[in-house]
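Colleague: output the structure for:
(one chain, ligands or ions: 1)
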Amino acid sequence: MIIAIDGPAGAGKSTIARMIAQKLGFLYIDTGAMYRALTLKVLEGKISPEDSNRIIESAKSSRIDLRNNPDGSLRVFLDNKDVTAQIREPFVTKSVSLIAKIRGVREVMSELQRKLGKQGSAVLDGRDIGTVVFPDADKKFYLDANFKERVNRRLKELKELGQEVTFADIETDLSNRDTMDSKREFAPLKKAEDAVYIDTTDMTIEEVVDTVLKKISDNG
Ligand code: DC
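Modeller: Residues are numbered from 1 along each chain as shown. Have a look, this model is predicted:
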């Protein structure tokens, strides 16, 4: 079974996807982490974000692995090196949408995501899972929340990771990424027609998890 969870940054996708995967015993695939890992490689390799050809080559020759820990958390490996913490650094976040808009990069990543998803039952979160990567997913969700709430959630998350960020920093980042991710030419952020839309602004994590689980167990 494939469960697709899409939506903008800060809508709670990764927390919910991880919890659903753990409860159902499915694999959790954080597709944003894959774009982040490649972005880290591009920045560390001093490749210009404009140099699409080199970036696509880099995507093809990179090895990106996601390993699920028994507690539901995920570790991300780039060319066999653990980059779990680094990919959440602001310098990566700032550039990831530029890398993710390149068509050839999306093709490589989508292929990898399909391969991983087909290994067994999986929950994938991202921007284009229900529209492009798995248009035939068994269940599709689009998680959303109002802008201020998304900024606050991301702020809390990054502070917990020990990052020194302000509300204004996150506001700028989310607003830029919202625009780039939803206006790009290939596989933009968009609700699939058959996705269940959930506005999580005034919901607790448990309420969202319960709503999603209920929809998954409903037939049809
Ligand atoms: O979910 P996230 O914030 O970690 O994702 C980082 C970026 O990666 C996001 O701003 C856009 C891109 N992304 C994408 O284009 N397609 C996906 N399926 C997942 C993420």
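
Colleague: the helices in the protein, which residues?
Modeller: 13-24, 31-44, 52-61, 90-100, 103-117, 147-160, 167-183, 205-217 (DSSP state H).

Colleague: give the buried residues for the longest one.
Modeller: Of the residues in helix 167-183, those scored as buried under the neighbour-count criterion (16 or more other CB atoms under 10 Å) are 169-171, 173-174, 177-178, 180-181. Yep, even glycine has a C-beta here, placed from its N, CA and C like the rest.

Colleague: can you check the third one too?
Modeller: Neighbour-count burial for helix 52-61, counted by 16+ other CB under 10 Å, picks out 52, 55-56, 58-59.

Colleague: cool, the fifth one as well?
Modeller: Using 16+ other CB under 10 Å as the test for burial, helix 103-117 gives 105-106, 108-110, 112-113, 116-117.

Colleague: and what of the fourth one?
Modeller: Of the residues in helix 90-100, those buried by neighbour count under the rule 16+ other CB under 10 Å are 92-100.

Colleague: which strands or helices does it pack on?
Modeller: Under the contact definition 3 or more CB pairs under 8 Å, 6 or more residues apart in numbering; DSSP states H and E, helix 90-100 sits against helix 31-44, helix 167-183.

Colleague: same thing with the second one?
Modeller: Contacts defined by 3+ CB pairs under 8 Å, 6+ apart place helix 31-44 against helix 52-61, strand 64-68, strand 74-78, helix 90-100, helix 103-117, strand 122-126.

Colleague: and the fourth one with helix 103-117, angle?
Modeller: The one in question is helix 90-100. What separates the directions of helix 90-100 and helix 103-117 is an angle of 100 degrees, with axes from the mean of the first three to the mean of the last three CA atoms, to 10 degrees.
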